[in-house]
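Trainee: Compute the structure for the input listed below.
(3 chains)
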Amino acid sequence: MSDSSRAHLSLLDATRWRAWEPLLWLAAFAAPLLLSQYAAIVNEIAIVALFALSLDLVLGFTGIVSLGHAAFFGFGAYSAALFAKHVMPDPLVGLAVGIATSTLLGAFASFTVQRGSDLTRLMVTLGAALILLELANKLDWLTGGADGLQGVVMGPVLGRFEFDLAGRTAAWYSLTVLLVLFVIARRLVHSPFGATLKAIRDNRLRAMAIGIPVGSRITVAYTIAAALAGAAGALLAQTTGFASLDVFEFHRSADVMLILVVGGTGWLYGGVLGAIVFKLMQDFLSAITPQYWTFWLGLFLVVLVIVGRDRLLRPWAWFKRGSAA
Amino acid sequence: MSDVVLSCQGLVKKFGGITATSDVTLDLRRGARHALIGPNGAGKTTLVNLLTGVLEPTAGRILLEGQDITRLAPHLRVRRGMVRTFQINQLFASMTPLQTLALVVSQQRGQGGGFWQPLGRDRAVAQRAEELLERFRLAEVMDVPTEQLAYGKRRLLEIAIALACEPRVLLLDEPVAGVPAGEREEILQTVAALPADVSVLLIEHDMDLVFSFARRMTVLVNGAVLTEGDPDAIAADPRVREVYLGHGETAGEEEPAHA
Amino acid sequence: MLTILFDGIAYGMLLFILALGLAVTMGLMNFINLAHGAFAMVGGYITVLLMQRAGVPFLLCLPAAFLGAALLGAVLERTLYRPLYRKPHLDQVLFSIGLTFMAVASVDWFMGSTQQFIQLPQWLRGRTEIGTGAWTLGMGHYRLFIIAVCAALTVVLQYILSNTRFGSRLRASVDDQRVAAGLGINVNMVFLSTFAFGCGLAGLGGALGAEVLGLDPTFPLKFMIYFLIVVAVGGTSSITGPLLAALLLGIADVAGKYYIPKMGAFIVYLLMIAILIWRPQGLFVRQGGKA
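Mentor: Okay, the predicted model is just below:
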């Protein structure tokens, strides 16, 4: 009889909050207060982390290689910016709008990633992002075209917290949104639904053979990921007061994929960790070689793959012959 | 006719110019212990793929409990009780046996879409998973990621997954393939101990297993049914012997006891 | 309208030559190489350098571009690509994106980010017009040249593929690598030479296309999607598949930009997405072939 609870406990153990987690979040929230000159970077990191988290649902947990995730990020950004400019400057309502529109887009786009090989899905996701980029470019009466959408002034959060110049309100706002969505994502991946996603990622054929409706699960996962990415985009537009075409660019999609891979796919904190490392690296390298930082980024990617993604955090393993490729 | 749980009629599958399955008709009765044998490349696995919906037939019909499922999606066939195992292990590499079985069980109980409560919150699910782990001698490795398991354990998990789906019709594709002699016993016992009301179609090359298990056999050659009958008749059939000439006998294999 | 068709065909043939190497690489090694455009860019810049710094005539630059890109491809295949064949597609994508970033930044550093211009020889400039009114066919001589060169190459390649021993080794390796190796075919050699050849073709395409498509460090990123479209829609199991896909793409793009300039690039992307949803394995896949 004690074994029966052993299985029960083992399953629940995976869902428990580890001791270091609350510490990490506390540190994150304390940062804008203690290191106030870095509040802007904290804000950026929180936004990028949320974006990477959304990609983790698609890539890390469902196994879909997407090169166009920026489509949802950008869509959320422009939606929120336009909403603030033309309808109402309340941040939370704007955030909700950004999330809602990206969710719709995600649901619509999700049926493009159902079938086909990795290459097909790569193409289709890439194509979707490029279409949106073109759209934003061409509809310049709405989006400001290449100049971007300017003059997005946000009202106070919850009617009380004004966005200050130092960026602290922005940082806390983004961090709060990140935390809330993180907790939701966490429950999702630990649930039976999350387990079916992992099953689809590991072996789609077998997932079908145990009765999992692969198609509809992918749709839901993709839509949720789109919603999260849209939230990140909305946050960007709201905290910077600006939306420009680069939210749709290939670089965004490629960068977020790199961030997630560096931090590690499939464990939710990968996005957070990767975001921190990436942003710090970007600041550091941009100061040294402002124009050619993409070269170092490229080199990093090449080395990362050659050494092996799983061995990145174990430098002593770099020069051993890998057993499993 | 309600005695027949699974039936395919005139099933044909062509890949370009190659006919992999040629006008196959097969009836599986309730509680059957039916073996499908034939030389390599005869199309046995293709037939299973057709029955489970992984492949679409070029022609023919498939009936499950009297209902036409020829166009039904694979996962829906599973929901109706038709479950298969794979000749080559198809497992979830990063998940542990416990997680895998808990997933299958909760999917089976319609909880697969639940997204708020953690997997394992439901004690009944954990308990059922635990039962299966015990029965398939996987309890000691329940927390080991599948990719780190030994082959024999993986094969057991492969079959455990199928049983966790509460099958009414079970299609076993070479369950002891590649399993070292010492570990075959566990699998053989499990196959022998299957509930009587589960209808089983077994594909195997191991003639010991086939003759000890089957009450009825179909011989498939080049995608077509050569003959069908009870084990005695099949063993005595000269055409079957001819087909297997050169197939090779395992050491100590003799004429089946009933011959 | 005929002129548009003509321009579209020229554009399409150019895309075909550019993308063919990628199609073969994908089909043969099952490797998603997003850096393919970088080899084309290399060919283009080799041509520019030879013409501007060394005064080499244009026609001679073409084989030089081919050889330069092929050599680079051979070296990279042996050193960097080969260990990655078995890796998951995600890794290949990350790797080739990284390589592309490095190439783009390097070229930017060495050559600057401005557009490069090629002085075409006199006999390639100019235009011939046939017919009158709405049915005028205006053929730029350079585009005629492109069509001629690419068509000739296509014929030669098809011949090599179906009539030579190398061709049959290649086809065998594409169909089933393990069995081909089991038959004594030196699969490594086939991979190396095919990859190098594909890169060479890309380089040649880059040289030919510099005048038509423009040449600057962002070339690989700008045109990557087009190459991928050709491969995804045309499939990787034949030469005719990508050829037809490239022509379709070329004509659609030119016509789209001319008739509906506001929509321009959309037509192509929408068409691609529609096709891939309808037929995820591509339009021209052989029955029973590998996807």
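
Trainee: quick one: low-confidence parts of the chain?
Mentor: In the absence of a named chain, this looks at chain A. Within chain A, the ranges that satisfy pLDDT under 70 run A:1-4, A:310-325.

Trainee: ah, no, chain C please
Mentor: C:134, C:174, C:264, C:281-291.

Trainee: Give me the neighbour count for the one residue in the stretch 51-200 of chain A that gets nearest to chain C.
Mentor: Nearest residue of the stretch 51-200 of chain A to chain C (Cβ to the nearest Cβ) works out as residue A:116 at 3.1 Å. Backbone N, C-alpha and C define where each C-beta goes, glycine included. Using other Cβ atoms under 10 Å in any protein chain shown, residue A:116 is surrounded by 20 other residues.

Trainee: again, but for residue A:242
Mentor: Number of residues near residue A:242 (other Cβ under 10 Å) recorded here: 16.

Trainee: now swap in the one 3 residues further on and tell me
Mentor: Counted with other Cβ under 10 Å, the burial measure for residue A:245 works out to 21 neighbours.

Trainee: From residue A:252, how far off is it?
Mentor: When distance is defined by Cβ to Cβ, to the nearest Å, residue A:245 is 10 Å away from residue A:252.

Trainee: for residue 204, what are its contacts?
Mentor: Picked chain A for this. Going by Cβ atoms under 8 Å, 6 or more residues apart in numbering or on different chains, residue A:204 touches A:63, A:214.

Trainee: I was after chain C.
Mentor: Contacts for residue C:204 (Cβ under 8 Å, 6+ apart) come out as C:17, C:43, C:62-63, C:65-66, C:69.

Trainee: Out of the residues you listed, flag the one nearest to chain A.
Mentor: Comparing the contacts of residue C:204 against chain A with Cβ to the nearest Cβ picks out residue C:69 as the nearest, at 18.8 Å.

Trainee: quick revisit: filter the contacts of residue C:204 down to just the ones in strands.
Mentor: Among those, no member is found in strands (DSSP state E).

Trainee: Kindly give a single PyMOL line that selects the buried subset of these.
Mentor: Here is the PyMOL command that selects the buried residues among the contacts of residue C:204 (16 or more other Cβ atoms under 10 Å in any protein chain shown):
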select buried, chain C and resi 17+43+62+65+66+69
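
Trainee: Can you list which of the contacts of residue C:204 are found in helices?
Mentor: Counting by DSSP state H, the part of these found in helices is C:17, C:43, C:62-63, C:65-66, C:69.

Trainee: Now distance to chain A too, for these, in TSV please.
Mentor: Formatted as TSV, the ones in helices among the contacts of residue C:204 follow (distance: Cβ to the nearest Cβ, whole Å):
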residue	distance to chain A
C:17	20
C:43	20
C:62	29
C:63	29
C:65	23
C:66	25
C:69	19
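
Trainee: in terms of contact, does the residue of the stretch 51-200 of chain A closest to chain C touch residue C:280 like I think?
Mentor: Yes. Proximity of residue A:116 to residue C:280 meets the contact threshold set by Cβ atoms under 8 Å, at 3.1 Å.

Trainee: neighbouring contacts of stretch B:40-52?
Mentor: If you take Cβ under 8 Å, 6+ apart as the criterion, stretch B:40-52 is touched by A:209, B:6, B:8, B:11, B:13, B:20-22, B:24, B:26, B:36-38, B:55-57, B:62, B:74, B:77-78, B:82, B:84, B:87, B:171, B:173, B:201, B:203, B:220-223.

Trainee: how much space between the residue sitting nearest the centre point of chain B and chain C?
Mentor: Among the residues of chain B, residue B:172 comes closest to the average C-alpha position under Cα atoms, centre = their mean, at 1.5 Å. Note on residue B:172: its distance to chain C, by Cβ to the nearest Cβ, to the nearest Å, is 27 Å.
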